[in-house]
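Peer 1: dropping the sequence and predicted coords here.
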Amino acid sequence: EVQNLLQMMDIDFVIDSSLVRGLDYYTRTAFEIKSSELGAQDTILGGGRYDGLAEELGGPRAPGMGFGLGLDRFILMMEKSNKQGNIERPLDVYLISIGDQEVQQAGWKLLCDLRAADLAADMDFLSRSPKNQMKTANRTGCRFSIIIGSRELETGVVQLKDMEQGTQLEVKITEIIPAIKGENRGGQESCS
């Protein structure tokens, strides 16, 4: 499933069965994220699953995962790649995904496309109800929400809601980014 999600998001990866993260409690998946900007010490983030750790420490049987981030390396990578970002930037789009795994994966793909188009975008990762997802969209203060479900996936048309004006229209998935950027800037090309 992890590999499928990475492929769907066009993220290159290499399977390394000899990867050792230095802690022996990892199970199934361990990972490292590396940067070509840093030279020999290129690992920025690493972690994995440790499903038996809580039980081993005397707690209840519980799945787990975690990661460690080298903040100094992360900052160096950001500086070298000139991708400082704007942490204070408000959310442009909140994606509401309603349906089975196929719809969820389409939502992930759309989220990646939105972010690649320089739109500040987020979505629900807990498979909550549509009502709860809409509440979250309202709380974020996002300008737009996109609703995608089985019907939208079949037709290739999603629901785009302007959260400020309360209007909603159907937009082809292939035209969603230009529609958002055009709406958000009165027809101009960029969106902040």
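Peer 2: Received it, and whenever you're ready, just let me know what you need. Numbers count the residues shown, from 1 in each chain.

Peer 1: can you give me the buried ones in the helix or strand harbouring residue 108?
Peer 2: Using DSSP states H and E, residue 108 sits in helix 101-116. Going by neighbour count (16 or more other Cβ atoms under 10 Å), the buried part of helix 101-116 is 103-108, 110-114. For every residue, glycine as well, the C-beta is placed using N, CA and C.

Peer 1: list the contacts of stretch 101-119.
Peer 2: The list of residues contacting stretch 101-119 from outside it, by Cβ atoms under 8 Å, 6 or more residues apart in numbering, reads 4-5, 8-10, 92-93, 95, 97, 121-123, 127, 146, 148-150, 153, 158, 173, 176-177, 180-181, 190-191.

Peer 1: low-confidence regions, the chain specifically.
Peer 2: Along the chain, the model assigns pLDDT under 70 to residues 20-24, 82-88, 183-192.

Peer 1: what about the helices in it?
Peer 2: For the chain, the helices defined by DSSP state H occupy 2-8, 53-56, 71-81, 101-116, 130-140, 150-155, 176-184.

Peer 1: could you redo these as CSV and give each row distance to residue 166?
Peer 2: Listed next are these as CSV, based on distance: least, Cβ to Cβ, whole Å:
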stretch, distance to residue 166
helix 2-8, 32
helix 53-56, 45
helix 71-81, 38
helix 101-116, 21
helix 130-140, 11
helix 150-155, 20
helix 176-184, 13
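
Peer 1: out of these, which is closest to residue 38?
Peer 2: Closest to residue 38 of these, according to Cβ to Cβ: helix 71-81, at 5.9 Å.
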